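Enquirer: Task: produce atomic coordinates for the following.
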Amino acid sequence: MIRAEWNMLKTFPACCRPKAPISDIIRRLLHIPYVDECKLIVKYARSSGPGGQHVNKTESKVDMRVRLQDINLPQEAMIRLKGIYSSKINKNDELVVTAEEHRVRQRNYNECIEKLNNILTDAATIPKERNMNSKTKGKFNDRRLEEKKMQSMKKL
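Expert: Numbers count the residues shown, from 1 in each chain. Coordinates of the predicted model:
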């Protein structure tokens, strides 16, 4: 257990202290559905943008890749994933997610996990079917044109 975690745990009363270390709790919160975490390919690089000497020394950009065959999605969801996020899939059939918004590597890693989670849940959700019984644009357009004719007749 890290010293900072132990100091944080000491602030809780004995009856309310969490049983698992805080890092395990955070790891459970950052769980990715449909992907085993050991299948993630994570690379770090120097991030771009302003930051002076710090940005030139640290590798805080996170490049996370997952092979499509390692994602446990139903066939229809996989088709939606390939259609919606085709720009994030490379020629090697890998889903590529990057983050470089923060100065700290761990925050960028968490950001990548969150982005990947959002992508997979978007692909897994079934889109709503369009209700064809609702009024269409054509009816509103016809009514608008009819009102314009009536208005022009009043002017005469």
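
Enquirer: what comes up buried for the strand or helix carrying Lys148?
Expert: Using DSSP states H and E, Lys148 sits in helix 137-155. By neighbour count with 16 or more other C-beta atoms under 10 Å, helix 137-155 contains no buried residues. The C-beta positions use only the backbone N, C-alpha and C, and glycine is treated the same way.

Enquirer: swap in stretch 66-86?
Expert: Neighbour-count burial for stretch 66-86 [16+ other C-beta under 10 Å]: 66, 70-71, 73, 77-78, 80-81, 85.

Enquirer: Narrow the residues you listed to those in strands?
Expert: Here DSSP state E is the test, and the buried residues of stretch 66-86 give Val66 as lying in strands.

Enquirer: Which one of the buried residues of stretch 66-86 is nearest to Glu114?
Expert: Val66 (14.2 Å; C-beta to C-beta).

Enquirer: and the nearest residue to that closest one once chain neighbours are set aside, how many neighbours?
Expert: Leaving aside its sequence neighbours, Val66 sits nearest to Leu95 (C-beta to C-beta, 6 or more residues apart in numbering; 4.9 Å). Using other C-beta atoms under 10 Å, Leu95 has 22 neighbouring residues.

Enquirer: Packing partners of the host helix or strand of Leu95?
Expert: Using DSSP H and E, Leu95 falls within strand 94-99. Strand 94-99 is packed against strand 61-67, helix 105-124, with contacts defined by 3 or more C-beta pairs under 8 Å, 6 or more residues apart in numbering; DSSP states H and E.

Enquirer: hang on, Val35 packs against Gln69?
Expert: No - at 11.2 Å, Val35 does not count as touching Gln69 under the criterion of C-beta atoms under 8 Å.

Enquirer: Centre-most residue in the chain?
Expert: Lys115 (2.5 Å; C-alpha atoms, centre = their mean).

Enquirer: Looking at the buried residues of stretch 66-86, which two lie furthest apart in space?
Expert: Going by C-beta to C-beta, the pair spanning the buried residues of stretch 66-86 furthest: Asp70 and Arg80, at 17.5 Å.

Enquirer: what's across from Glu94 in the sheet?
Expert: Per DSSP bridges, the residues bridged to Glu94 are Arg67.

Enquirer: just to revisit the earlier point, quick check: buried residues in the strand holding Leu95?
Expert: For strand 94-99, by 16+ other C-beta under 10 Å, it's 94-99.
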